[in-house]
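In: no sequence on this one, just coordinates:
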Ligand code: AMP
Ligand code: MN
Ligand code: MN
Ligand code: MN
């Protein structure tokens, strides 16, 4: 078979006239709907962002876009907040889509940042709420310090402007990246991170996020499933990636994200092997932030490789165990 690039594989119709073909994720799938309402092939996306953190679409618009893209099971996973879940769930109900509560928790592990996605938890759980409130406080303090540093990079009034961009949502580094672009200091988001916002650069502020064990405990204490997000998204060496996965499993974590919007098949196979080694299930999530990320679509994810158990088969997942 001729070799094709990943971009080609993603955009090229499987055959003339046939739209992008999604492979059915392995294993039984239960979405919680009446079987008669669910004759569709499941399309799963369990990682995406809205304006409640660094996404560009409101929860309702994001869900509408996911529905349009054919997603049938969807989780909103904003950074350190569950504020968008009620709106997203209402929109998902209107679209007849299976909605799963989600969050992406910032963790500091071995002086590195990890992201732990929580799925299918009770949004009213007090322990999870207290943990997220603490992280939101850390975000606020960090924003003040980043803003102060950005003044020296030529960005005036960075804090109120970042706050205005974030609105009701959490202030994140991509908000500061937008200010760097607005003020002509940087060309684009990638350059803003590369030159100013990533560790070691002049506007980076290191903070202590949640301990890994705490994030897992908050999620599971709220009845949810803890997933180590995008194992290839931290810029780790293979050794550190495996250490992080092992530490997550040791902390009691449940699953590993296998296919994301930016993984290639080889990475997915490697991640699936790592998950199996540590008894973790597999999850799928695009990590969609904005329509401008034209290379990354909601629900456009390859199926889990091999026979790795899927996170949606977990008994805590909505509808799991309802039917075989
Ligand atoms: P924060 O949690 O506020 O530190 O922001 C983290 C977010 O910034 C991630 O979820 C990504 O959306 C984005 N991000 C992190 N690193 C980069 C990078 N190198 N280039 C572009 N975006 C990035
Ligand atoms: Mn993000
Ligand atoms: Mn992340
Ligand atoms: Mn994310």
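Out: Perfect, I can see it now. On a predicted model such as this, the values are computed, not experimentally measured, just so you know. Ligands and ions are numbered 1, 2, ... in the order given.

In: Next, the contact list for the spatially closest residue to residue 125 that is not a sequence neighbour, please.
Out: The shortest distance from residue 125 to any non-neighbouring residue, by CB to CB, 6 or more residues apart in numbering, is to residue 222 (3.4 Å). Bear in mind the C-beta positions are built from the backbone N, C-alpha and C, glycine included. Going by CB atoms under 8 Å, 6 or more residues apart in numbering, residue 222 touches 118, 121, 122, 123, 125, 127, 128.

In: go on, residue 297?
Out: Contacts of residue 297 by CB under 8 Å, 6+ apart are 10, 69, 261, 286, 288.

In: So for the residue in the chain positioned nearest to ligand 4, what's the pLDDT?
Out: For the chain and ligand 4, the shortest gap (CB to the ion) falls at residue 287, measuring 4.4 Å. With respect to pLDDT, residue 287 has a value of 98.

In: Do I have it right that it meets residue 232?
Out: No - in this structure, residue 287 is not within contact of residue 232 by CB atoms under 8 Å, at 11.1 Å.

In: Now do the most centrally placed residue in the chain against residue 152, distance only.
Out: With distances taken as CA atoms, centre = their mean, the residue of the chain nearest its centroid is residue 47 (3.6 Å). For residue 47, the distance to residue 152 (CB to CB, to the nearest Å) stands at 35 Å.

In: Please, where are all the strands along this structure?
Out: Using DSSP state E, the strands of the chain run over 44-45, 73-75, 98-100, 102-109, 112-119, 210-211, 225-228, 255-259, 281-284.

In: now those in JSON lines, with mean neighbour count?
Out: Shown next, in JSON lines, are those (neighbours: other CB atoms under 10 Å):
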{"stretch": "strand 44-45", "mean neighbour count": "28"}
{"stretch": "strand 73-75", "mean neighbour count": "28"}
{"stretch": "strand 98-100", "mean neighbour count": "24"}
{"stretch": "strand 102-109", "mean neighbour count": "24"}
{"stretch": "strand 112-119", "mean neighbour count": "22"}
{"stretch": "strand 210-211", "mean neighbour count": "18"}
{"stretch": "strand 225-228", "mean neighbour count": "28"}
{"stretch": "strand 255-259", "mean neighbour count": "27"}
{"stretch": "strand 281-284", "mean neighbour count": "26"}
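
In: Of all these, which one is nearest ligand 1?
Out: Between ligand 1 and the strands of the chain, the tightest spacing by CB to the nearest ligand atom is seen for strand 102-109, at 5.5 Å.

In: Any chance you could note which residues of the protein sit beside ligand 3?
Out: Within the chain, the positions lying close to ligand 3 (CB under 5 Å from the ion) are 115, 229.

In: Poorly predicted segments of the chain, please.
Out: Applying pLDDT under 70 to the chain flags residues 1-40, 321-324.
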